[in-house]
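Participant: I'll drop the sequence and a predicted model, then ask my questions.
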Amino acid sequence: MGNFVLGKYIPLNSPVHRLDPRAKIIAMLAFLIAVFIPAGWIGYAVLFVIAAGTILLSRLSFGFIWKSMKPMIVMMIFLFLMNCLMIRTGEVLVTLGKFSVYTGAVAQTLYIVVRLLLMIMITTCLTATTKPLDMTLGIEDLLMPASKIGVPAHEIAMLISIALRFIPDLIEETMRIMKAQESRGVDMKEGRFSEKIAAILSLIVPLFVSAFQRADDLANAMEARGYAPGEKRTRYKVLHMRAADWLTVVGANAVLAGVIVLARILP
Amino acid sequence: MPIAFDKVSHIYSAGTPYEFKALDDVDLEFSEGKMTAVIGQTGSGKSTLVQHLNALLLPSSGTVRVMDREITAGTAPKGLKKLRGEVGLIFQFPEYQLFEETVLKDVSFGPKNFGVSEEEAQKRAKEALRLCGLDEQYDERSPLELSGGQKRRAAIAGILAMDPQVLVLDEPTAGLDPRGTEEMMKLFRTLNTKRGKTVIIVTHDMEQVFVYCDEVVVMADGKAAAHMSARDFFADSSICRSMNILPPAIIRTCDALREAGFDIPKEINTTSALAKCIARQVKRHG
């Protein structure tokens, strides 16, 4: 569990790390929309080059991206099998007994895999280069226009930042409880079914107890420092958009526009 | 069977920007049947060290020898479960491990995991609970209803009920009131002297080390900086001070009195003995 890297912040000093979180979020959204526009393989090639370039620029290793991909592999295999059974377009590629695999199925699956790959690459770029707190500041700012129509922008941002804040703590807590129960003879990996149930219970019950306890403590600590939701407040950290940030936003939207045009002119 | 560390290193998150060497080439031997204190500053590797004793952590390199078993890098030793029954490890703030519906069930959870029958487990659980100062009225209560101190006692009882030969405690009295602290420390000392258990205790409290422990291991920057008898360790307060450790109050008082011209013999180690000694000298001077 300590090796779980999806969504983890990696403290490095790179041009991507220094970008304004708002610019990064907008750019990522534009890129994600672009991924879902069917602009053929040329479009995907362009997007791939941009995503890979961003990764290089942010000094992340491709091994790290690969680690983030790993949890998705099972899903991809499942998708591939489903597609093979369902899609019957194009020519027959291989025949296995009653089933035939069509070129259409392979092409369709490859499209999905490439889309997933691109999505993971670019979202990892965002989460690995942006501190969780900066991310929530960015989300809050971007939601501000919506607060005029009653969307609780600050509360949503606070909720996200608290949730993100607790993920490492809860992972650590889980490890701690696992170790404590392993010391009491619990075998988390092997054992009969009934033993496994007991093992999981011995982990989940304390985890819930401690999560509620933490939530309670945090709520009290926030109230003690005068936090009241819905109040107007100033910020310790004020975000500023610089030239590089505007360039990122404009660039990402230009790519999106380019992909849309490409999709139109393709046959 | 002594417990020995042979050139043991432990590296957390190896190969990432978070890489951290918690143990650095530790050579150490814990004496059997003794009560040994492991002291050192936060982050010096104390907790990492003791988690090797029941193979919760495996060394990154080197060998740990515990109860006839060898624990080496990357190889989970055979008979891991048996080892964990023989080396009982109590973590810091162990109350978070409580999960059963009743205190008695929770305490008998450990022994049952090690294949003890239901009745025997209950018998042992009751015995352990009484040792820890929780009487019958708590047996059928939910552990979550207990006070903080009682939860701690129940959690410690949960390990004692396993009847381990080696007892490893990671700051067992942190956050307990002074009376609870004294009762628990006396209990560990009794288990050591009366039942011959090897006790290894991680602590920040020099008073505890001074009063209850036989030997002292000082950890500093992932290395075992010193290993000596508690008597030698406290005999000369310059050893403590050279390692940035504040000696126990009684030692500091003796030092201050010596500086003020009193003649305080080395063997004085209790408040009452010190008081008598001073009284004699004051009277003599009239």
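Facilitator: Sure thing, it's come through. Residues are numbered from 1 along each chain as shown, chains lettered A, B, ... in the order given.
Participant: with adjacent residues omitted, what lies nearest to the residue in chain B positioned nearest to chain A?
Facilitator: The minimum distance from chain B to chain A, using CB to the nearest CB, falls at residue B:113 (3.0 Å). The way it works is simple: take the backbone N, C-alpha and C, and place the C-beta from them, glycine included. Distances taken as CB to CB, 6 or more residues apart in numbering or on different chains place residue A:185 nearest to residue B:113, at 3.0 Å, with adjacent residues excluded.
Participant: and residue 191, how many neighbours?
Facilitator: Picking chain A for this. Number of residues near residue A:191 (other CB atoms under 10 Å in any protein chain shown) recorded here: 15.
Participant: was after chain B, sorry
Facilitator: Around residue B:191 there are 18 other residues, counting by other CB under 10 Å.
Participant: next: residue A:71.
Facilitator: Neighbours around residue A:71, by other CB under 10 Å: 12.
Participant: which SS class is it?
Facilitator: Here residue A:71 takes the helix state, with states given by DSSP: H, G, I helix; E, B strand; the rest coil.
Participant: and it, how far from residue A:28?
Facilitator: 20 Å (CB to CB, to the nearest Å).
Participant: swap in residue A:173?
Facilitator: Residue A:173 sits 30 Å away from residue A:28, going by CB to CB.
Participant: which element is the closest residue to chain B within chain A on?
Facilitator: Across chain A, no residue is closer to chain B than residue A:185, which sits at 3.0 Å (CB to the nearest CB). Using DSSP states H and E, residue A:185 sits within no helix or strand.
Participant: doesn't residue B:81 make contact with it?
Facilitator: Yes. Assessed by CB atoms under 8 Å, residue A:185 is found in contact with residue B:81 at 6.1 Å.
Participant: what do those two both touch?
Facilitator: Taking CB atoms under 8 Å, 6 or more residues apart in numbering or on different chains as the contact rule, residue A:185 and residue B:81 both touch B:113, B:114.
Participant: and those two? Which one has more around it.
Facilitator: residue A:185 (20 against 17).
Participant: and the stretch 51-200 of chain B, which of its residues are near chain A?
Facilitator: Residues of the stretch 51-200 of chain B lying near chain A by CB under 8 Å from any CB of the partner chain: B:51, B:54, B:56, B:81, B:84-85, B:88-91, B:94, B:96-99, B:109-110, B:113-114, B:144, B:158-159, B:162.
Participant: looking at these, which are in helices?
Facilitator: The helices, defined by DSSP state H, take in B:51, B:81, B:84, B:85, B:109, B:110, B:113, B:158, B:159 from those.
Participant: any low-confidence regions in the chain?
Facilitator: Here I'm looking at chain A. Chain A contains residues with pLDDT under 70 at A:1-7, A:267.
Participant: my bad, the chain I had in mind was chain B
Facilitator: Applying pLDDT under 70 to chain B flags residues B:1, B:75-77, B:286.
Participant: how about the helices in it?
Facilitator: Using DSSP H, helices in chain B cover B:46-51, B:80-86, B:103-113, B:118-131, B:148-160, B:178-194, B:206-212, B:230-235, B:237-242, B:249-259, B:271-285.
Participant: again with chain A
Facilitator: Using DSSP H, the helices of chain A run over A:15-18, A:21-35, A:40-57, A:62-69, A:73-86, A:103-129, A:132-147, A:153-183, A:193-224, A:243-265.
Participant: domain assignment for the chain?
Facilitator: Assuming you mean chain A. For chain A, automatic domain parsing gives the domain ranges A:15-131+A:240-265, A:153-224.
Participant: not what I meant, chain B
Facilitator: With automatic domain parsing as the reference, chain B has domains B:3-242, B:248-286.
Participant: and the first one, how far out from the chain middle?
Facilitator: This points to domain B:3-242. 5 Å (CA atoms, centre = their mean, to the nearest Å).
Participant: OK, contacts around residue 162?
Facilitator: Answering for chain A, as no chain was given. residue A:218.
Participant: meant chain B actually
Facilitator: Residue B:162 sits next to A:184, A:185, B:85, B:88, B:110, B:111, B:114 when contact means CB under 8 Å, 6+ apart.
Participant: how about the first one, phi and psi?
Facilitator: Per-residue torsions, residue A:184: phi -90, psi 20 (degrees, to the nearest 10).
Participant: which ones are touching it?
Facilitator: Counting by CB under 8 Å, 6+ apart, residue A:184 touches A:202, B:84, B:97, B:109, B:110, B:113, B:158, B:159, B:162.
Participant: out of the domains of chain A, the one nearest residue B:31 is which?
Facilitator: Residue B:31 sits nearest to domain A:153-224 of all those, at 22.4 Å, using CB to CB.
Participant: related to what we said a few turns ago, check contacts around the residue of chain B closest to chain A.
Facilitator: A:184, A:185, A:186, A:187, B:81 are the contacts of residue B:113 under CB under 8 Å, 6+ apart.
Participant: now do residue B:271: how many residues are near it, please.
Facilitator: Applying other CB under 10 Å, we find 11 residues neighbouring residue B:271.
Participant: next: the one 10 residues further on.
Facilitator: Summarising burial for residue B:281: neighbours were counted as other CB under 10 Å, giving 14.
Participant: that one against residue B:265, yeah?
Facilitator: No. Using CB under 8 Å, residue B:281 makes no contact with residue B:265, being 11.2 Å away.
Participant: what sits against residue B:201?
Facilitator: Residue B:201 sits next to B:35, B:36, B:37, B:38, B:168, B:169, B:172, B:188, B:208, B:213 when contact means CB under 8 Å, 6+ apart.
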